[in-house]
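Asker: build the 3D model from these lines:
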Amino acid sequence: MNKNEKKIIEQIVINTVKKLMAEKDAPNRVPLGVSNKHLHLTQEDVEILFGKGHQLTNIKDVKQPGQFACAETVKIIGPRGEFPKVRVLGPARKKTQIELAMTDCRTLGVKAPVRESGVLEDSPGVTLVGPCGQIELKNGVIVALRHIHMTPDIAQALGLKDKDCVGVEASGDRPLLFRDVLVRVGENYAYEMHVDTDEANAGGLKNGDLLKIVTKQEK
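Answerer: Prediction:
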């Protein structure tokens, strides 16, 4: 997708949000992305696990610009169990981070905190095993705090700012209200709410479902 196409799509989303808000009692809809367990690696850890000089292999772009699913997978070993093949997401990051649902944590036998991405202090570690080596992580395992990505223009249209927290309502056969959903605002974000598989299953939700932002909360 080139820059012009991206700007056109962004403008369509912005115009749609503004149109919905102009209508009486119109819902503020956000598309849903369901995150399965995955991990992000530093380049140093990529080379330990997959060999010196190895570069992550993009097999599929994800919705957030510049990010992609990789061909590479890693075995994750915890105190009580393991996952033989967990997908790496690229590109390489400054910190290695493993994102799991709470059900996954119970399988491994770790107690991971619910955290915003990148906040890894006092989180548990696990063992990562690749074809060329293994790493004993001291920390890095989190349950990702549910959040919404949006551009500054969309945030302004919704009356929100970075680090706000909102409520988001899911309808359907198992309606529920997600509270304390973190708003993340950035120029290069695609408009999307992220939850993990446990949260999605609780509401019978899937990728692409439209949810309704219903409240603004103090963080």
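Asker: need the three-state assignment for residue 161.
Answerer: coil (DSSP: H, G, I helix; E, B strand; the rest coil).
Asker: ok, now residue 66?
Answerer: Assigned by three-state DSSP, the conformation of residue 66 is coil.
Asker: and it, what is it in contact with?
Answerer: 91, 188 (C-beta atoms under 8 Å, 6 or more residues apart in numbering). For the C-beta atoms, the positions are set from N, CA and C on the backbone; glycine is no exception.
Asker: repeat that with 7 Å
Answerer: For residue 66, the contact set (C-beta atoms under 7 Å, 6 or more residues apart in numbering) comprises residue 188.
Asker: in terms of pLDDT, where does it sit?
Answerer: We have a pLDDT of 95 for residue 66.
Asker: quick one: it and residue 148, what's the gap?
Answerer: Look at residue 66 and residue 148: by C-beta to C-beta, to the nearest Å, they are 18 Å apart.
Asker: residue 99 now?
Answerer: According to C-beta to C-beta, residue 99 and residue 148 sit 16 Å apart.
Asker: more crowded one of these two?
Answerer: The residue with more neighbours, out of residue 99 and residue 148, is residue 148; 29 against 23, by other C-beta atoms under 10 Å.
Asker: can you give me the distance of that one to residue 189?
Answerer: Taking C-beta to C-beta as the measure, residue 148 falls 9 Å from residue 189.
Asker: ok, residue 73 next?
Answerer: 26 Å.
Asker: which one's more surrounded, those two?
Answerer: Shown here are residue 73 and residue 189; by other C-beta under 10 Å, residue 189 has more neighbours (19 against 16).
Asker: name the nearest residue to the more buried one, sequence neighbours excluded.
Answerer: Closest residue to residue 189 apart from its sequence neighbours, by C-beta to C-beta, 6 or more residues apart in numbering: residue 149 at 3.9 Å.
Asker: same question for residue 155.
Answerer: Nearest residue to residue 155, sequence neighbours excluded (C-beta to C-beta, 6+ apart): residue 185, at 4.6 Å.
Asker: the helix or strand bottoming out on mean pLDDT in the chain: what's the following helix or strand?
Answerer: Ranked by mean pLDDT, DSSP states H and E, the weakest helix or strand in the chain is helix 3-22, scoring a mean of 67. Of the helices and strands lying after helix 3-22 in sequence (DSSP states H and E), the nearest is strand 28-35.
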